[in-house]
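K.L.:
model the following, please.
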Amino acid sequence: MAATSRFMVLVCVLQIWMSILPTPVHAAGRGLRSTSSTSCPTSFSPVFAFGDSTTDTGNAIVSTTASVYTEATKLPYGSTFFNKPTGRFSDGRLMVDDLMLALKLPLLPPHLANQQSSSHSENYAVAGATALDVATLQHLAGVSSTTPDSLGVQLGWFKSDTAHVDLSNALVYVGEIGGNDYNYALAATHSPSQAASLVSPVIAEISSFLDDLLTNTKVKKVVVQGQFPMGCLPIYLTTLGSTPKDSHGCVAAVSVLSDQHNQLLKQAISTLSKKHPEAQIVFFDTTAAYLHILDNAAAYHFTNVKDACFPGGLGLIQGSSTNGPCSNPQNYISWDGIHMTDAMYAAMMNLFLSGKDFSSSSPNFITSTTSCS
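P.N.:
Numbers count the residues shown, from 1 in each chain. The predicted model follows:
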């Protein structure tokens, strides 16, 4: 065989061999998948986010003077990745940050910080935000919110900002919302069963928000995040530690609350998908993702799944106000008792991006985009 022919055969063999090798994991993406392809779907532009402190990238520290929010302006918040506080309620990045990294897009600027990106992408989520407006929450449960910037207020900001923006290729990420409605009720010593009376009106509000979004804008791609298993959060493991636990070691009565929320939210999304067949709405089952990681903690390098790394962060856990952070947040699921660590947020988003097991309703259109990004 001629040398040139042997060379061409070798090239072909190498190409075939390379094509079946597993995709490398890049440290910059913390395990989030990243491959190249010549037939990738077009990425999204602009991108918007809504929600509470698990999605807020800096709005709360601008919108309120409540002392609880000043903690996110000080270290060790932000210390793991940013090396400075950014208004995020974590030691580093949030799931919405991980999503943007997987899409290879800039991190979303907070709406209230007047940092709108050139693509018009923005984050409207506010720490402490509720699904129900302040007056309705007060009427139904007799409790108040730490911020007036509820889901409806965030929608108003969005409509004002995007009145003349092309949204035909936009992506909307609706982070956790509604959890604070229940948290405020529980903090006011309502029992979990009493707090459960808020689930139906909360889901009705989220459903109305989504219907408005799909009916009155050209947004066609939406990701809706569910609730975390509330009974697994250290704040409830501490305050209600003597109450019965479920098979995961979480406070059963509180987790039932978030389970009811997720069940009704999935039903609402299914109804909206039928009403808006031109849209794709994907439910991100963060409870399933959280419990999967909890039950397989060693595989994700989590050595402490019940305690907070920084229990004194927000002063929510009694007796811990002077405690500094742990030295290994990458091995903790919880950051401050109610929010997750940079590592946990990354692990959950990676599960969502990995396929269908942690999403439902529509096909997970995000996966096909991030796997090619």
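
K.L.:
can you pull the buried residues of stretch 228-246?
P.N.:
Across stretch 228-246, burial judged by 16 or more other Cβ atoms under 10 Å covers 228-240, 245-246. C-betas here are computed from N, CA, C, even on glycine.

K.L.:
which other residues reach stretch 265-272?
P.N.:
Contacts to stretch 265-272, defined as Cβ atoms under 8 Å, 6 or more residues apart in numbering, come from residues 203, 206-207, 210-211, 214, 224, 226, 279, 281, 283, 360-361.

K.L.:
let's see 7 Å
P.N.:
For stretch 265-272, contacts defined as Cβ atoms under 7 Å, 6 or more residues apart in numbering pick out Ile203, Ile206, Ser207, Leu210, Asp211, Leu214, Val224, Gly226, Ile281, Phe283, Ser360, Ser361.

K.L.:
repeat that for stretch 157-164.
P.N.:
Contact with stretch 157-164 is made by Phe48, His111, His120, Glu122, Tyr124, Thr217, as judged by Cβ under 7 Å, 6+ apart.

K.L.:
find the nearest non-adjacent residue to the last one, please.
P.N.:
Spatial nearest neighbour of Thr217, excluding adjacent residues (Cβ to Cβ, 6 or more residues apart in numbering): Leu167 at 5.2 Å.

K.L.:
where does the one you found fall, helix, sheet strand or coil?
P.N.:
coil (DSSP: H, G, I helix; E, B strand; the rest coil).

K.L.:
out of the buried residues of stretch 228-246, which are inside strands?
P.N.:
Among the buried residues of stretch 228-246, DSSP state E puts none in strands.

K.L.:
mind checking how far Thr57 is from Pro201?
P.N.:
28 Å (Cβ to Cβ, to the nearest Å).

K.L.:
between the contacts of stretch 265-272, which is closest to Phe89?
P.N.:
Distance to Phe89, by Cβ to Cβ, is smallest for Gly226 among the contacts of stretch 265-272, at 18.6 Å.

K.L.:
where exactly do the helices run in the stretch 201-350 of the chain?
P.N.:
234-239, 252-275, 286-295, 342-353 (DSSP state H, counting those that start in this stretch).

K.L.:
if we can go back for a sec, which of Thr57 and Pro201 has more neighbours?
P.N.:
Thr57 (25 against 18; other Cβ atoms under 10 Å).

K.L.:
residues contacting the more buried one?
P.N.:
Thr86, Gly87, Arg88, Leu94, Leu107, Leu108, Pro110, Asn123.

K.L.:
how about stretch 108-125: buried residues?
P.N.:
The neighbour-count check on stretch 108-125 (16+ other Cβ under 10 Å) flags Leu108, Pro109, Pro110, His111, Leu112, Ala113, His120, Ser121, Glu122, Asn123, Tyr124, Ala125 as buried.

K.L.:
same deal with stretch 274-294?
P.N.:
Of the residues in stretch 274-294, those buried (16+ other Cβ under 10 Å) are 276, 279-294.

K.L.:
that stretch - what's its average pLDDT?
P.N.:
Taken as a whole, stretch 274-294 has an average pLDDT of 96.

K.L.:
how about Ala131, secondary structure?
P.N.:
Here Ala131 is recorded as coil under three-state DSSP.

K.L.:
thought it was touching Pro201?
P.N.:
No: under the criterion of Cβ atoms under 7 Å, Ala131 is not in contact with Pro201, lying 8.3 Å apart.

K.L.:
related to what we said a few turns ago, could you identify the most distant pair in the contacts of stretch 157-164?
P.N.:
Taking Cβ to Cβ, the two most distant members of those are His111 and Thr217; they sit 16.3 Å apart.

K.L.:
ok, residues contacting stretch 71-87?
P.N.:
Contacts for stretch 71-87 (Cβ under 7 Å, 6+ apart): 56-58, 60-61, 88-89, 91-93, 110, 310, 313-314, 325, 329, 342.
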